[in-house]
Structure formats: C-alpha cells, structure tokens
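*Asks:* based on what follows, work out the 3D shape:
(2 chains)
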Protein chains: 2
Amino acid sequence: MAKRIILASASRDRKRLLKAINLTFEILPSNFVEDESKTGNPLEIVMRNARGKAQVVADKLHGENGDALVIGADTVVEFHGQIIGKARHQFEAFQILQKLAGQTHQLLTGCCVIDVQSQKSHAFVDVTDVTFAPLTEEDIWHYLEFSDEYRGRAGAYSLQDRASLFVTKIVGSPTNVIGLPISQFRETFLNFGVNLLAGDHCTI
Amino acid sequence: MAKRIILASASRDRKRLLKAINLTFEILPSNFVEDESKTGNPLEIVMRNARGKAQVVADKLHGENGDALVIGADTVVEFHGQIIGKARHQFEAFQILQKLAGQTHQLLTGCCVIDVQSQKSHAFVDVTDVTFAPLTEEDIWHYLEFSDEYRGRAGAYSLQDRASLFVTKIVGSPTNVIGLPISQFRETFLNFGVNLLAGDHCTI
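*Replies:* Below you'll find the model as predicted:
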C-alpha cells in the first residue's frame, strides 16, 4: 500500500498550495500546543512548532501502525526583531498592519516532514522579505472592514487575496508568503524518495 | 450609472487575480494584433501591446457611447536579451524551460488603463526577477506531461500551479509573475478616482 501523505495543519492556505500541485493528501490537524512566545529566535520557534505539530500526528499514526509522511509547518512574521503572529481581533490586526505599512518585514515558515515508520525526519526554515506600500489609517480600516481575510494569518494579511493590493515586492519564495515554500518542500520530499515533479502521490 | 470596468484580455490568470481582489468587471477580449516580435526593447513591446489591446476595446465602447475603464495587459519573459513569449507546442515549451532552468529571468508585464469617455490613459511596466531551480530534462518532461498549464503562458510555466515546485525565488511583485502587478494596478486606478482598497467597484 502506498504511503499516505498527511498535512498536520488546519491552514486553508497550505491546503490550497498542496492542491495546486495536485498532491493527494489528507488533513489531520495536530493538537500540539504551539509556542506563541513573542521573544526568542524566530527561526527556532517556527522550527520547533513545525516539528512539534508533525511529531504529535506521527506518534499517533505510529501507535496505529500507520505508514505515512507527516507534514508540519508554522509561519511567523519578524519585524525589527519583533515576532508577530496572528491577530486575535480586528484592532490587533490594525496595529500590526500599521506597523508593517511602508516597510519590509520577514516572513518565516518552518516545515518538518516525518516518515512515520522509519521516524526519519527532515526540517527547514524559509525566509522571504515582504514589502508593503505605504498605507493610511483609512486604507488599513478599509482592508479590515472589507473582509476578514486577516484572521488566522501571520502578520494579519493574505497575499493571494486583497493584500495583493498593497504587497509591492517580495524577495524569496512566493509560496512561502502564503504558508509553505513549495520548491523547498519538493526538495525535502526527494529525501523520502518522493518526486513531486514526476507526479508521485499526485493526481491529474 | 457607475463606470464599467472592462478587462480587454482573455487571460484566465488576470481574471483570477482580479477576482481575488473582488473587483466587479467584465471581459471583452481585444482583437488587437499583438506584436510578437522577439527582437527590440521588451519594455516597449509589452507597453505597445497593452496599450493596443486596451485602445481597440476603448474605441469600440466609445463608438457605442459607453462609459468604462478598459484594462489592457501583456506579459513576456526576457532572458539574456532574448524575448520569450508563449510556447506554441510542447517541444517549444521544453526548449524554453531548459533554457530557464537553474537561471534567473525577467518577467515583464505592461498594463494600460483607458477611460473611454475622457480618453485619459495611464500605463506602466513592471519587472520581476524569477529564479528556477536546476531541472533535469526528465524533470521538464514530467512537468509538461503532467498538465498543459504551460499553454498560453509567457515562459511556458504557471507559478500558481505546479511551477511552484521549481520557482525558488522571485524579486519583485508576485502578482506580476501571474500576469498583472496588482499593487501597481491599484495606484493606477487611483488616478481615475477609483480606490480599490476602499472597495470601489468591488463586491464582498
């Protein structure tokens, strides 16, 4: 039986990115309790969270004698040494966007893939620079009032939706900004003998 | 009556980008005969094509006494001074991707917006650097065999589909790579008194 591919994340964006490459996968959100601290090294935080999310699901499947590759991921924004996660409410989203407007921030995604049977794992962090256009307070309120796309997203914006109106430039992986750096992900999967470009585990 | 917004392009990607910002628009593909020459200044070529596409549709609407903002756009890839458009068949797509593999190319989009009544127009060109991972001949064949997403796309790839597997880095506007630089487009629309961020001409 072919190995299952499990995304240990409830993120609609990661789901969408994996669907765009035609991957056949299942979603099993992890109940790992994330480190949401706003201090420390962001590289270490996203790596630890990605690993933790994948490990909890991998352990569960291992106990059931399952055979799968489990994907964990975590994204944060870093701005001038400050770690920014998801906004809890509209006003916090406003404060975040006000800070990021007219500036360049770093978007970091940690990703960890664990093979349930062998317990072998590979992990990486990808960093992309994202520049916002200058935004007035009114612009930001308009953005937040129009839709609630800020919800559940690090940095309180969604590049593939209306935030494309003010993301002027990125330097790095475009899919990383959406939640999973797909080209690095492809390389990681090669370590497990899965060639996504050749269509392994993909359906037309 | 509110001004209509007309996209003078049959591109599914531009349509998708404008839908992502919730713009209310109609599609009227232009019958302008594009300059598909592979020599000359690519900035001038995409600008001329974008303007030509928009002008043909604007003239038609003007004759009908219509009131609209018409959007024309054109995208090409430039690589080492060579202009690359759409591949006519799979083998040409293969040759293009072989050339771009492991390298950085420039993706240029020209965009022109014309107000039908006042005949006022604004145009710009946006340039984004796109880097591909190294790809073997087999990788490229796999990509082309798996889907026909290369069709109708400058450079024979589609970033928002399976080409995300090998686009490692971009420098510039991510929506430009898909076919329309949305943040510059927003600025252009401000010249016509349309504030897209405020939801003008947009529906929730």
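
*Asks:* distance from the helix ranked longest in chain A to the middle of the chain?
*Replies:* Criterion DSSP state H: the longest helix present in chain A is helix A:42-63. Remark: helix A:42-63 is offset 13 Å from the chain centroid, using CA atoms, centre = their mean, to the nearest Å.

*Asks:* got it, and stretch A:27-47?
*Replies:* The mean C-alpha position of stretch A:27-47 is separated from the chain mean by 11 Å, CA atoms, centre = their mean.

*Asks:* dump it to PDB, keeping only the CA atoms.
*Replies:* C-alpha atoms of stretch A:27-47 as PDB (Å, rounded to 0.1, in the frame of the first residue of the first chain):
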ATOM      1  CA  ILE A  27      -5.600  16.600   6.700                       C
ATOM      2  CA  LEU A  28      -5.100  15.700  10.400                       C
ATOM      3  CA  PRO A  29      -4.700  18.900  12.400                       C
ATOM      4  CA  SER A  30      -2.300  18.500  15.200                       C
ATOM      5  CA  ASN A  31      -3.200  19.200  18.800                       C
ATOM      6  CA  PHE A  32       0.400  20.200  19.600                       C
ATOM      7  CA  VAL A  33       0.400  23.300  21.800                       C
ATOM      8  CA  GLU A  34       2.300  25.900  19.900                       C
ATOM      9  CA  ASP A  35       5.000  28.100  21.400                       C
ATOM     10  CA  GLU A  36       3.400  31.500  20.700                       C
ATOM     11  CA  SER A  37       6.000  33.500  22.500                       C
ATOM     12  CA  LYS A  38       7.000  36.800  21.000                       C
ATOM     13  CA  THR A  39      10.600  36.600  22.200                       C
ATOM     14  CA  GLY A  40      13.500  34.400  21.200                       C
ATOM     15  CA  ASN A  41      14.900  33.400  17.900                       C
ATOM     16  CA  PRO A  42      12.100  33.200  15.300                       C
ATOM     17  CA  LEU A  43      14.000  30.600  13.300                       C
ATOM     18  CA  GLU A  44      14.000  28.300  16.300                       C
ATOM     19  CA  ILE A  45      10.400  29.000  17.200                       C
ATOM     20  CA  VAL A  46       8.900  28.100  13.800                       C
ATOM     21  CA  MET A  47      11.200  25.100  13.500                       C
END
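
*Asks:* so what does the longest helix of chain A touch, helix or strand wise?
*Replies:* Applying 3 or more CB pairs under 8 Å, 6 or more residues apart in numbering or on different chains; DSSP states H and E, we find helix A:42-63 packed against strand A:68-79, strand A:104-115, strand A:121-132. Every C-beta, even on glycine, is put in place using the N, C-alpha and C of the backbone.

*Asks:* so A:H105 makes contact with A:V76?
*Replies:* No: using CB atoms under 8 Å, A:H105 makes no contact with A:V76, being 10.2 Å away.

*Asks:* can you list residues touching both of these two?
*Replies:* A:I84 (CB atoms under 8 Å, 6 or more residues apart in numbering or on different chains).

*Asks:* that older thread, looking at the helices and strands packed on helix A:42-63, which is closest to B:I204?
*Replies:* B:I204 sits nearest to strand A:121-132 of all these, at 22.6 Å, using CB to CB.

*Asks:* is that closest one anywhere near chain B?
*Replies:* No: counting by CB under 8 Å from any CB of the partner chain, chain B is not contacted by strand A:121-132; separation bottoms out at 8.6 Å.

*Asks:* so what are the sheet partners of that strand and their directions?
*Replies:* strand A:104-115 (antiparallel), strand A:167-172 (antiparallel) (DSSP bridges).

*Asks:* mean neighbour count and mean pLDDT for the ones you listed - can I get that in TSV?
*Replies:* As requested, these are exported to TSV (neighbours: other CB atoms under 10 Å in any protein chain shown; pLDDT from 0 to 100):
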stretch	mean neighbour count	mean pLDDT
strand A:104-115	23	98
strand A:167-172	20	98
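
*Asks:* so which of these gets nearest A:V57?
*Replies:* Here strand A:104-115 is closest among the strands paired with strand A:121-132 (CB to CB), at 8.3 Å.

*Asks:* what is the distance between the closest one and the centre of its chain?
*Replies:* 6 Å.

*Asks:* what does stretch A:15-33 give?
*Replies:* 11 Å.

*Asks:* now do the same contact list for the residue nearest to the spatial centre of chain A.
*Replies:* For chain A, the residue lying nearest the average C-alpha position, counting by CA atoms, centre = their mean, turns out to be A:G179 (2.9 Å). A:G179 is in contact with A:S11, A:D13, A:R14, A:L17, A:A73, A:T75, A:T109, counting by CB under 8 Å, 6+ apart.

*Asks:* and what of A:M47?
*Replies:* A:G110, A:C112, A:A123, A:V125 are the contacts of A:M47 under CB under 8 Å, 6+ apart.
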